[in-house]
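[1] Pasting the sequence and the predicted coordinates here, then a few questions.
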2 protein chains.
Amino acid sequence: MGIRAIERAMAVLQELNLQPINTIAQLHARTKLPKPTLVRILRTLEDAGYVENDPRQGGYQVSALVTSLSSGYHKGPLVVEAGRAWAIAMTRQHKWPVAIALPDYDRMVVRFSTVPDSFVSPFHSTVNKRLNFLTRGLGLAYLAFLDNDEFDLIIDVLKRSDDPENALSHHPDELKRLVGRVHENGYAIRSSLVEPKNSNTIGVPIISHGGRVLASIGLTYFKSAFGSEQEACDRYAPILKSAAAAISEDLDRLSNHLAA
Amino acid sequence: MGIRAIERAMAVLQELNLQPINTIAQLHARTKLPKPTLVRILRTLEDAGYVENDPRQGGYQVSALVTSLSSGYHKGPLVVEAGRAWAIAMTRQHKWPVAIALPDYDRMVVRFSTVPDSFVSPFHSTVNKRLNFLTRGLGLAYLAFLDNDEFDLIIDVLKRSDDPENALSHHPDELKRLVGRVHENGYAIRSSLVEPKNSNTIGVPIISHGGRVLASIGLTYFKSAFGSEQEACDRYAPILKSAAAAISEDLDRLSNHLAA
DNA sequence: CATCGCCGTTTCGCAACGCGAAACGAAGGG
DNA sequence: CCCTTCGTTTCGCGTTGCGAAACGGCGATG
């Protein structure tokens, strides 16, 4: 049992990262903390410089100083660092959030996301979120481009799971058809059977020059903004593909540089 | 006056980011907090997942989750995002910490640094640190490559300061000579008159394809590791220059991408 | 124009909560 | 073998943070 005030403050800081702007009421609803407590915590964080209170915008937001809370952590794979700039740039232009995910045992883990920069969205933090391989755009985009050995290895793991989102691992034919389609298209989308149903994610693999699948990068949009799924895919899949290629290119240049 | 426990916890988290591994004794010395208090704070942060306690390594360190405390902040300039991967890669290979700084009024502000990834160093956090233009490697590297108008504008500001580190702004001839040398070399070093004297920073400008000076990137090393200053510069200046060029290249590709 | 509801913020008395001196056990060093 | 120094635990005290209640402002509603 830790120090309550600190636990609460960290929870608030987490919540603040989910949206560009946060009202007391929203934070109250999400954290279940009494409003005076929130005000006190926020003022403490504001005094310390981690949070800004902009009454004109009607709410609180994280400030630049929060970056120094994690400035000492760079153990992440280089592909995430190389992809950041591209993800940010894509969100700046196309508005929709972009995420980069890496495999971890039986799931893909989101390691970077521009959700908070983007639309005011109902999503919760996607960073550190674990996504299933067989139903998620970022999962399928990775899985479908693996070589056979690695592919089978993961499917074997998934077979031992009783998560309904992994059900497809028991239907090899259907799975093969799905993966084949992803492979052909060069991109994957989220299964229409899973939540949230008002949005969709288009994912593409990031493949090194050596041919290894390193990660996946995806863009998420509200379905209501497009007439059809196809329309959105036609528009964003090429952009994602060329961003993925550019990231791979960056990585290649990085390692050549290092070798020199 | 904020909530004390939170202020303390944030201070501890800051300290944890300065070094790869932190003992209770070190934290005690730097934060002046009683050791039982530190243990309690650290256990709270550990329970929450932000900190890991590895007794084998003999200390505490920040864990991957800290990144989610700032995952909602991407307002920084793209040049910082583009430079991250290069800075990290350089530190991985050459061990020494690398920092990226941007101008802000009368100083350069460090916006990204790999200090904690690197050597166990006596430095305090360099992120958000404000460095003088005329005495620091990262300052001179930026200043010396500005066009005349921008250069004069900054010097005018510095003249109005009584900071001894800005003294050179009152000696145009000496200043011109110094800037000329930096320009010729293509890199700048920290003045030997300022602290800390046991280390040095080599800085180079990051210049956009359009010719604008965007930022500076620099590498810091302990003087004791090299026979002479020249030796270190000969070794690292070319590496920094080519990294700066590569970052500029990345930015160019990013913007072309966006235009397409 | 009065009323209502919801907002963010302030007040204030209570006691829960966090505090840290002191003690503890373990691990080197001389 | 003693002595220091480390990280951690204990525990009684009192400061500090707590949150119900109240407040003032604002926009919608009738």
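    That came in fine, so what should we check first?
[2] Report how many residues lie close to the closest residue to chain B within the stretch 51-200 of chain A.
    Scanning the stretch 51-200 of chain A for the residue nearest chain B gives residue A:72, at 3.0 Å (criterion: C-beta to the nearest C-beta). (Each C-beta comes from the backbone N, C-alpha and C, glycine too.) The criterion is other C-beta atoms under 10 Å in any protein chain shown. On that basis, residue A:72 has 26 neighbouring residues.
[3] Now it: phi and psi?
    phi -90, psi 0 (degrees, to the nearest 10).
[4] Retrieve the pLDDT associated with it.
    With respect to pLDDT, residue A:72 scores 86.
[5] The host helix or strand of residue A:158 packs against which elements?
    Using DSSP states H and E, the element containing residue A:158 is helix A:148-159. For helix A:148-159, not one helix or strand is in contact under the criterion 3 or more C-beta pairs under 8 Å, 6 or more residues apart in numbering or on different chains; DSSP states H and E.
[6] Now do the buried residues in that helix.
    Buried residues in helix A:148-159, defined by neighbour count with 16 or more other C-beta atoms under 10 Å in any protein chain shown: A:151, A:154, A:155, A:158.
[7] quick one, what contacts the second one?
    I take that to be residue A:154. For residue A:154, the contacting residues are A:103, A:106, A:133, A:143, A:146, by C-beta atoms under 8 Å, 6 or more residues apart in numbering or on different chains.
[8] same thing with the first one?
    Contacts here follow C-beta under 8 Å, 6+ apart; on that basis residue A:151 touches A:143, A:179.
[9] Kindly recompute the last result at 6 Å.
    By C-beta atoms under 6 Å, 6 or more residues apart in numbering or on different chains, no residues touch residue A:151.
[10] The third one now?
    When contacts are counted by C-beta under 6 Å, 6+ apart, residue A:155 is found next to residue A:169.
[11] So what does residue A:52 look like in phi/psi?
    Dihedral angles phi and psi of residue A:52 (degrees, to the nearest 10) take the values phi -120, psi 140.
[12] Quick check: it touching residue A:63?
    Yes: Residue A:52 is in contact with residue A:63 according to C-beta atoms under 6 Å; the separation is 4.6 Å.
[13] Tell me, how many residues neighbour the residue nearest to residue A:87 when sequence neighbours are not counted?
    With C-beta to C-beta, 6 or more residues apart in numbering or on different chains as the criterion, residue A:87 has its nearest non-adjacent residue at 4.2 Å, and that residue is residue A:98. Residues lying near residue A:98 (other C-beta under 10 Å) number 30.
[14] Residue A:98 is in contact with residue A:115, isn't it?
    No: at 8.8 Å, residue A:98 does not count as touching residue A:115 under the criterion of C-beta under 6 Å.
[15] who's residue A:220 bridged to?
    residue A:201 (DSSP bridges).
[16] count of neighbours near it?
    As a burial measure, residue A:220 scores 26 neighbours (other C-beta under 10 Å).
[17] how much space between it and residue B:244?
    For residue A:220, the distance to residue B:244 under the criterion C-beta to C-beta, to the nearest Å works out to 34 Å.
[18] Pull the contacting residues for the spatially most central residue of chain A.
    Central residue check for chain A by C-alpha atoms, centre = their mean: the C-alpha nearest the mean position is that of residue A:99, 3.4 Å away. Residues touching residue A:99, when contacts are defined by C-beta under 6 Å, 6+ apart, comprise A:110, A:113, A:126, A:218.
[19] Can you tell me the SS state at residue A:57?
    Local secondary structure at residue A:57 is given as coil here, using DSSP: H, G, I helix; E, B strand; the rest coil.
[20] what about it, how many residues close to it?
    Number of residues near residue A:57 (other C-beta under 10 Å) recorded here: 12.
[21] Show me what from chain A comes close to DNA strand D.
    Counting by C-beta under 7 Å from any atom of the strand, chain A comes close to DNA strand D at A:4, A:5, A:8, A:33, A:34, A:35, A:36, A:37, A:40, A:41.
[22] biggest helix in chain A by residues?
    Ranked by number of residues, the top helix in chain A under DSSP state H is helix A:229-259.
[23] buried set for it?
    Neighbour-count burial for helix A:229-259 flags A:232-233, A:236-237, A:239-241, A:243-244, A:246-248, A:250-251, A:253-254, A:257 (criterion: 16+ other C-beta under 10 Å).
[24] before we move on, the earlier item: what's the most distant pair in the residues of chain A next to DNA strand D?
    The widest separation within the residues of chain A next to DNA strand D, taken as C-beta to C-beta, falls between A:4 and A:35 and amounts to 16.8 Å.
[25] following the helix or strand containing residue A:176, which helix or strand shows up next?
    Using DSSP H and E, residue A:176 falls within helix A:172-185. Stepping forward along the backbone from helix A:172-185, the first helix or strand reached (DSSP H and E) is strand A:188-189.
[26] For that next one, enumerate the helices and strands it packs against.
    Contacts defined by 3 or more C-beta pairs under 6 Å, 6 or more residues apart in numbering or on different chains; DSSP states H and E place strand A:188-189 against helix A:137-143, strand A:199-207.
[27] Out of those, which is the most enclosed?
    Scoring the helices and strands packed on strand A:188-189 by mean neighbour count under mean count of other C-beta atoms under 10 Å in any protein chain shown gives helix A:137-143 as the most buried, with a mean of 29.
[28] quick one: contacts of that one?
    In this structure, residues lying in contact with helix A:137-143 by C-beta under 6 Å, 6+ apart are A:101, A:108, A:131-133, A:182, A:188-190, A:201-205, A:213, A:216, A:218.
[29] hmm, back to that, pick out the one among the contacts of residue A:99 with the largest number of neighbours.
    Most crowded among the contacts of residue A:99, counting by other C-beta under 10 Å, is residue A:218 at 35 neighbours.
[30] Three-state assignment for it, please.
    At residue A:218, secondary structure determined by three-state DSSP is strand.
[31] Mind checking the helices and strands packed on strand A:188-189 for the one nearest to residue A:79?
    For those, proximity to residue A:79 was assessed by C-beta to C-beta; strand A:199-207 is nearest, at 6.1 Å.
[32] Tabulate the CA atom coordinates of the closest one in PDB.
    Extracted in PDB, the C-alpha atoms of strand A:199-207 (Å, rounded to 0.1, in the frame of the first residue of the first chain):
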ATOM      1  CA  SER A 199     -13.800   3.500 -35.600                       C
ATOM      2  CA  ASN A 200     -11.400   1.500 -37.700                       C
ATOM      3  CA  THR A 201      -7.600   1.100 -37.900                       C
ATOM      4  CA  ILE A 202      -5.600   0.600 -41.000                       C
ATOM      5  CA  GLY A 203      -2.300  -1.000 -40.300                       C
ATOM      6  CA  VAL A 204       0.800  -1.700 -42.400                       C
ATOM      7  CA  PRO A 205       4.000  -3.500 -41.500                       C
ATOM      8  CA  ILE A 206       7.400  -1.900 -41.100                       C
ATOM      9  CA  ILE A 207       9.800  -4.200 -42.800                       C
END
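[33] what does the average pLDDT come to for that strand?
    Here the average pLDDT along strand A:199-207 is 97.
[34] Which other helices and strands does it contact?
    Using 3+ C-beta pairs under 6 Å, 6+ apart as the contact test, the elements touching strand A:199-207 are helix A:137-143, strand A:188-189, strand A:213-222, helix A:229-259.
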